[in-house]
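> I would like to see how this sequence folds:
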Amino acid sequence: MVPTTFYLILAAVMFTIGVLGVLARRNVIIIFMCIEMMLNSVNLSLIALANMWGNLTGQVFVFVVMAVAAVEVAVGLAIVMAIVRHKDTTNVDEINLLKW
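Numbers count the residues shown, from 1 in each chain. This is a model prediction of the structure:
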């Protein structure tokens, strides 16, 4: 059996990589992928702690977070596709929504 601390350390590393990806990258699609990585790290920590304490509440929250993440991906990609259609770029620095 793997200790819970290993899962929590892995979740912290995943969350840190996600934050660094959001702060360092300029491509909108990569930024969305890093946000998804952060959400998955939170899911991993919720599952690990729910398993440690023997409580199913954390697993219920994981399903809610997964549903919110799916909606976020659908809406985010629709917005990105609308911007790409008008601007022909996914670089955050080159997108200026005031000059359509």
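
> so what's the residue most central in space within the chain up against?
The geometric centre of the chain, computed from its C-alpha atoms, lies nearest to E36 (C-alpha atoms, centre = their mean), at 1.9 Å. Listed by C-beta atoms under 8 Å, 6 or more residues apart in numbering, the contact set of E36 reads G18, A69, V73. C-betas here are computed from N, CA, C, even on glycine.

> Can you tell me which of those residues is nearest N51?
Minimum separation from N51 among these (C-beta to C-beta) is found for A69, which lies at 20.6 Å.

> Contact partners for L49?
For L49, the set of contacting residues under the criterion of C-beta under 8 Å, 6+ apart consists of T4, L8, G58.

> Report the buried residues of the strand or helix carrying it.
Assigned by DSSP states H and E, L49 falls within helix 28-53. Counting neighbours by 16 or more other C-beta atoms under 10 Å, one finds that the buried residues in helix 28-53 are 28, 31-32, 34-50.

> go on, stretch 83-98?
For stretch 83-98, a neighbour-count test (16+ other C-beta under 10 Å) marks I83, T90, I95 as buried.

> same deal with stretch 10-19?
Neighbour-count burial for stretch 10-19 flags A11, M14, F15, G18 (criterion: 16+ other C-beta under 10 Å).

> and which of these is nearest V62?
Comparing the buried residues of stretch 10-19 against V62 with C-beta to C-beta places A11 closest, at 12.1 Å.

> which residues of this protein fall in helices?
Under the criterion DSSP state H, the chain carries helices at the ranges 4-24, 28-53, 57-87.

> how about the nearest residue to V42 once chain neighbours are set aside, what does it touch?
In space, V42 comes closest to V65 once its chain neighbours are excluded; the distance is 6.5 Å by C-beta to C-beta, 6 or more residues apart in numbering. Applying C-beta under 8 Å, 6+ apart, we find V65 in contact with L39, V42, N43, L46.

> how about 7 Å then?
With contacts defined as C-beta atoms under 7 Å, 6 or more residues apart in numbering, V65 is in contact with L39, V42, N43.

> All set, thanks.
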